[in-house]
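**Student:** any chance you can model this:
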Amino acid sequence: MRLLLAEDEKELSNALVVILKHSNYSVDAVYNGQDALDYITNGDYDGVVLDIMMPKMDGITVLRKVRESGNSVPVLLLTAKSEIDDRVTGLDSGADDYLTKPFATKELLARIRAMTRRKGENTGSLLNCGNISLNRSTFEVSSPKATLRLANKEFQMLEMLMSNEGMIISTERFMEKIWGHDTETNQNVVWVYVSYLRKKLAALDANVAIKAVRNRGYALEAVND
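**Tutor:** Model prediction:
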């Protein structure tokens, strides 16, 4: 899953990025409210961790603008303040949850899991294409023949393909969504993960396959008998 972390304390932000990546999240980090709004507007995130007190634009204003635009991305607010009014204002502005600093890492991760799980429940836990099903809760892909558990990035890639069946997804789009804006990873990694998924689909006797479209990207399409 891809998260945006908006936290102006760079030392804390750097520590959180390490923790989140270790927990198999892809993370983009920004340090002020205006950048947070720009990234949310132009990105496609599974969740946002948003500090309230930030330069250029505070987190509450960012959140209100995001909700006014119709974007329902899950948002967890971070605040150094513990007053009830701040919590109420944040929740009334469209936050899904809040966490008061200082906080335990385990609690942060648990709240992120709960927040993104609720989003998954709203969109449905199962994706179906052809004779395969992808379970968003268990990271398992199934066919009448067998069930296989996917690694995190395999799951994200197959979820994108199945959610956009028949549509071409560019290598750049995979990189942005799964590895993040600022990754230094070579784009060849996309081809590597496509290869992993093709082998697993073959092992399942899937009647859909990942087709490469020269100079454009990849698409999940029905296999012609």
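
**Student:** show me where the protein has its helices.
**Tutor:** Listed in chain order, the helices of the chain (DSSP state H) span residues 10-22, 33-42, 59-68, 84-92, 105-123, 152-163, 171-174, 188-203.

**Student:** can you put those helices in a markdown table and add mean pLDDT, mean neighbour count and distance to residue 221?
**Tutor:** In short, each C-beta sits where N, CA and C put it, glycine included. Output for these, formatted as a markdown table (pLDDT from 0 to 100; neighbours: other C-beta atoms under 10 Å; distance: least, C-beta to C-beta, whole Å):
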| stretch | mean pLDDT | mean neighbour count | distance to residue 221 |
| --- | --- | --- | --- |
| helix 10-22 | 92 | 14 | 33 |
| helix 33-42 | 93 | 18 | 29 |
| helix 59-68 | 92 | 19 | 35 |
| helix 84-92 | 73 | 14 | 43 |
| helix 105-123 | 78 | 14 | 23 |
| helix 152-163 | 88 | 20 | 10 |
| helix 171-174 | 87 | 17 | 17 |
| helix 188-203 | 94 | 15 | 12 |
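
**Student:** so which of those helices is nearest residue 2?
**Tutor:** For those, proximity to residue 2 was assessed by C-beta to C-beta; helix 152-163 is nearest, at 7.7 Å.

**Student:** which residues sit against that closest one?
**Tutor:** Helix 152-163 is contacted by residues 1-2, 24, 26, 127-129, 132, 134, 136, 139, 141, 150, 169, 173-174, 177-178, 190, 193-194, 196-197, 200, 210, 218-220 when judged by C-beta atoms under 8 Å, 6 or more residues apart in numbering.

**Student:** how about a cut-off of 6 Å?
**Tutor:** 24, 127, 129, 134, 139, 169, 178, 193, 196-197, 220 (C-beta atoms under 6 Å, 6 or more residues apart in numbering).

**Student:** distance to residue 101 added to the residues you listed, as a markdown table?
**Tutor:** Putting those into a markdown table (distance: C-beta to C-beta, whole Å) gives the following:
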| residue | distance to residue 101 |
| --- | --- |
| 24 | 24 |
| 127 | 37 |
| 129 | 43 |
| 134 | 36 |
| 139 | 31 |
| 169 | 38 |
| 178 | 29 |
| 193 | 36 |
| 196 | 39 |
| 197 | 40 |
| 220 | 42 |
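
**Student:** just these now: which is nearest residue 91?
**Tutor:** For the contacts of helix 152-163, the nearest to residue 91 is residue 24 (28.1 Å; C-beta to C-beta).

**Student:** now the closest one: phi and psi?
**Tutor:** Note on residue 24: backbone dihedrals following degrees, to the nearest 10 are phi 70, psi 20.

**Student:** dump the residue contacts of it.
**Tutor:** Going by C-beta under 6 Å, 6+ apart, residue 24 touches residue 152.

**Student:** any idea how far it is from residue 217?
**Tutor:** Taking C-beta to C-beta, to the nearest Å as the measure, residue 24 falls 24 Å from residue 217.

**Student:** and for residue 192?
**Tutor:** In terms of C-beta to C-beta, residue 192 sits 15 Å off from residue 217.
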